[in-house]
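Q: Turn this into a structure:
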Amino acid sequence: MFSKLTTGRSNALAALAATLLMGTTMAALAQDSTPDPAEAEWLGREVTITSSSFNDHIPVGGKLTFIYDGDDQVVRVCTRTGATQRMPWRMDFSLPCNVTLTFTRGERYCTLEDVKAGNAEVLSACHRLRSHDVAMHPAAQAKGAVELHDMIVFLLKSATGKLEIAILVDSPSRVTAGGVASGTVSP
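A: Coordinates of the predicted model:
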């Protein structure tokens, strides 16, 4: 009889432990499927590209929206052609929501001046989205090949709360060679 009581209790304790573990796991998964609060204000809002020193990559007048994909835990860049867009979206950006970015939480929001200065140490402390191997245009040297780039999108927030973005193509250490595109977030 003693062994039956012990077995019954251990089964009950095992079931309780499994339930608690499953609840903890489900809570962790639920937290992982929501965007970080530091990026949330930029999600679902349209951004208009207002300047670009590499118009063949990111065209002035182009529109993009960042959408959080909780299943894959990435941010998707959805583009559309704006009425004043100077060039069409090309390669990976021409397909709906084809480019994915991962969020890196920093210590603060950068300013456009920070991004243009290109100081990698300063930029490493900023909230940013990043993607590797994005095809933006055909390769200049090899016919039929595409040129792949790393892309970093810095989330900018002014002292007045105005939301903007700054895009670097390749790496912060090459910002002076690659240029900067920036855009404003619609209210």
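
Q: State the three-state secondary structure for the residue nearest to residue 91 when sequence neighbours are not counted.
A: Counting by CB to CB, 6 or more residues apart in numbering, residue 135 is the residue found nearest to residue 91 once chain neighbours are left out, at 4.0 Å. All C-beta spots, glycine's among them, are computed from the backbone N, C-alpha and C. Taken by DSSP: H, G, I helix; E, B strand; the rest coil, the conformation at residue 135 corresponds to strand.

Q: just checking, residue 135 touches residue 148?
A: Yes: contact criterion CB atoms under 8 Å: residue 135 and residue 148 qualify, at 5.7 Å.

Q: How is this structure divided into domains?
A: 1-32, 37-185 (automatic domain parsing).

Q: can I assume residue 66 is in contact with residue 46?
A: No: using CB under 8 Å, residue 66 is not in contact with residue 46; the gap is 9.5 Å.

Q: Run through who's touching stretch 51-61.
A: 48-50, 82-90, 93, 136-137, 149, 167, 169, 178-182 (CB atoms under 8 Å, 6 or more residues apart in numbering).

Q: helices and strands of the chain: which one has the lowest mean pLDDT?
A: The least trusted helix or strand in the chain, going by mean pLDDT, DSSP states H and E, turns out to be helix 2-32, with a mean of 43.

Q: Now do the helices in the protein.
A: Assignment of helices within the chain using DSSP state H yields the ranges 2-32, 37-40, 112-117, 120-123, 175-178.

Q: So residue 66 and residue 46 - more neighbours on which side?
A: Taking neighbours as other CB atoms under 10 Å, residue 66 and residue 46 compare with residue 66 leading, 24 against 15.

Q: what about residue 135 and residue 148, which has more around it?
A: Taking neighbours as other CB under 10 Å, residue 135 and residue 148 compare with residue 135 leading, 18 against 13.

Q: if I look at that one, how far off is residue 60?
A: 20 Å (CB to CB, to the nearest Å).
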